[in-house]
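Engineer: I need the structure of the sequence given here:
(one chain, ligands or ions: 1)
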Amino acid sequence: MKNSSYIEQAEQVLLHTYNRFPVVLEKGRGVWLEDVEGKEYLDFGAGIGVCALGYGEPEYQEALQNQISKILHTSNLYYSVPLAKAAEKLIKASGMSRVFFTNSGAEAIEGAIKAARKYAFLRDGRTGHEIIAMEHSFHGRSIGALSVTGNDHYQEPFRPLMGGVRFASFNDLESVKAQVTENTCAIILETVQGEGGIFPAKPEFLEGIKKICQEKDILLILDEIQCGMGRTGSWFAWQQYGVKPDIMTCAKALGCGVPVGAFVLNEKAACASLVPGDHGTTYGGNPLACAAVSAVFDIFEKQGILSHVKDTAPYLEQKLEELIEKYDFLKERRGMGLMQGVEVEGRLVGDILRKALDNGLIVLSAGGNVLRFLPPLVISKEDVDEMVRRLEASF
Ligand SMILES: *Cc1c(COP(=O)(O)O)cnc(C)c1O
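Structural biologist: The predicted structure follows:
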């Protein structure tokens, strides 16, 4: 059947909240996707940074199949083996202390906000605490996560949002200091801003924020939903800065395709925040999701994914720099590891994405004028070369 016939059907029943590309993706192998017409696409989007292992990874599939044959769901009234294993591996990789599993990134942000508010409530014995968030940030679409998302366009129709949020400029420490009050309970930011246009935090900015947090007993929440899980060459991007958060959020590649997220706390935040009765979820951390998380950590270790990212990323960076040299409408490159953005000027990024799709290449956009590259972490240098060929054909 043709792409168009499925699309016509779907558009009659789906709520129109996405302007989707006119492609019906059916299956994948490695770093390649195939649509229902048999057309192949080289994938440099990974389902928005989710499919770090690419598609059809045998050990991952086997782990899921085994779990499906045992049990899918138990609820959080009970323990499960995958839950215990997944938690242990996430704690080991992050060097943090306690984890709460969620179903999505937005839900991880909600949990982080609640933990921070509870921490301050126990600290001060009162409510009314504030959170400092960044302009051009993205933390998700639920009301709490949207409230700390610094994007007027996303927020406006849904006001009033959660109160007590103040915005500062990313990478501008003075602007953060100006928003600190005696009511501040947390500062939340992405270690590398993703949707906003791929902006890595400057080391001195992150260090400065950490210092403010320590001086004023404010919790530092780092959103690693997009930049975490090996994307930048370390398990979590903050590990390269040596700035440890009090709470970290994680999702996207955490399950490599099975929907799962987490918020992870250090001992200080864990000891004095959420307790039984404060927070919960029916699905969060269910055996299927946790079997995926557990397998992902095992496969990353076995395949040396982190060192592979460190090997491959400089090559991608070099090739993108060469494109910038060659094409006037390509400006700056920004990014860390296999999370890269190239700023475009004088052409519509959407047009390039559509052309690329015609040429069998999936790339993403960010911040309106940025070409965003979030390939599966298993890409080879040859895949980078093939991407460049297809991208140039699309220019
Ligand atoms: C994708 C993303 C989210 C939201 O995750 P969902 O799973 O879509 O709710 C939050 N923060 C960052 C940095 C993201 O990239």
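Engineer: from the stretch 1-150 of the chain, which residue is nearest to the ligand?
Structural biologist: Per CB to the nearest ligand atom, Gly105 is where the stretch 1-150 of the chain lies closest to the ligand, at 2.1 Å. To be clear about C-beta, it is placed using only N, CA and C from the backbone, and glycine gets the same treatment.
Engineer: now that residue. Nearest residue, chain neighbours left out?
Structural biologist: The shortest distance from Gly105 to any non-neighbouring residue, by CB to CB, 6 or more residues apart in numbering, is to Ala251 (3.5 Å).
Engineer: what is the neighbour count of the one you found?
Structural biologist: 28 (other CB atoms under 10 Å).
Engineer: could you do Glu386 as well?
Structural biologist: Neighbours around Glu386, by other CB under 10 Å: 18.
Engineer: contacts only, for the residue of the stretch 1-150 of the chain closest to the ligand.
Structural biologist: 139-140, 145, 225, 249, 251-252, 261 (CB atoms under 8 Å, 6 or more residues apart in numbering).
Engineer: and the residue nearest the centre of the chain, how far is that from the ligand?
Structural biologist: In the chain, the centroid-proximal residue (CA atoms, centre = their mean) is Gln226; its distance is 1.9 Å. Computed with CB to the nearest ligand atom, to the nearest Å, the distance linking Gln226 and the ligand is 3 Å.
Engineer: what's the answer for Gln303, then?
Structural biologist: 24 Å.
Engineer: skipping adjacent residues, who's closest to that residue in space?
Structural biologist: Nearest to Gln303 is Val378, by CB to CB, 6+ apart, at 7.4 Å.
Engineer: is that neighbour in a helix, a strand, or coil?
Structural biologist: coil (DSSP: H, G, I helix; E, B strand; the rest coil).
Engineer: burial count for it?
Structural biologist: 22.
Engineer: hmm, Ile305 and it touching each other?
Structural biologist: Yes: the pair Val378 and Ile305 passes the contact test of CB atoms under 8 Å, sitting 7.1 Å apart.
Engineer: which residues are in contact with both of these two?
Structural biologist: In contact with both Val378 and Ile305: 52-53, using CB under 8 Å, 6+ apart.
Engineer: show me where the chain dips below the pLDDT cut-off.
Structural biologist: In the predicted model of the chain, no residue satisfies pLDDT under 70.
Engineer: residues of it that sit close to the ligand?
Structural biologist: Applying CB under 6 Å from any ligand atom, we find that the chain lies next to the ligand at 104-106, 109, 138-140, 190, 194-195, 223, 225-226, 251-252.
Engineer: one more pass at 8 Å, please.
Structural biologist: When proximity is defined as CB under 8 Å from any ligand atom, the chain approaches the ligand at 48-49, 104-109, 137-142, 145, 190, 193-195, 223-227, 249, 251-252, 259, 261.
Engineer: hang on, the earlier thing: wait, the residue nearest to the centre of the chain touches Lys252, no?
Structural biologist: Yes: Gln226 lies in contact with Lys252 (CB under 8 Å); the separation is 5.8 Å.
Engineer: give me the common contacts of these two.
Structural biologist: Joint contacts of Gln226 and Lys252 (CB under 8 Å, 6+ apart) are 48-49.
Engineer: ok, back up a step: from Ala86, how far off is the residue nearest to Gln303?
Structural biologist: 21 Å (CB to CB, to the nearest Å).
Engineer: what of Ala291?
Structural biologist: 8 Å.
Engineer: same question for Cys256.
Structural biologist: 12 Å.
Engineer: how far away is Phe21 from Leu14?
Structural biologist: 14 Å.
Engineer: more neighbours: which of the two?
Structural biologist: Neighbours were tallied for Phe21 and for Leu14 using other CB under 10 Å; the higher tally belongs to Phe21 (15 against 11).
Engineer: doesn't Lys355 make contact with that one?
Structural biologist: No: between Phe21 and Lys355 there is no contact under CB under 8 Å: 11.5 Å.
Engineer: quick one: the longest helix anywhere in the chain to chain centroid distance?
Structural biologist: Criterion DSSP state H: the longest helix present in the chain is helix 305-326. Relative to its parent chain, helix 305-326 has a centroid offset of 20 Å by CA atoms, centre = their mean, to the nearest Å.
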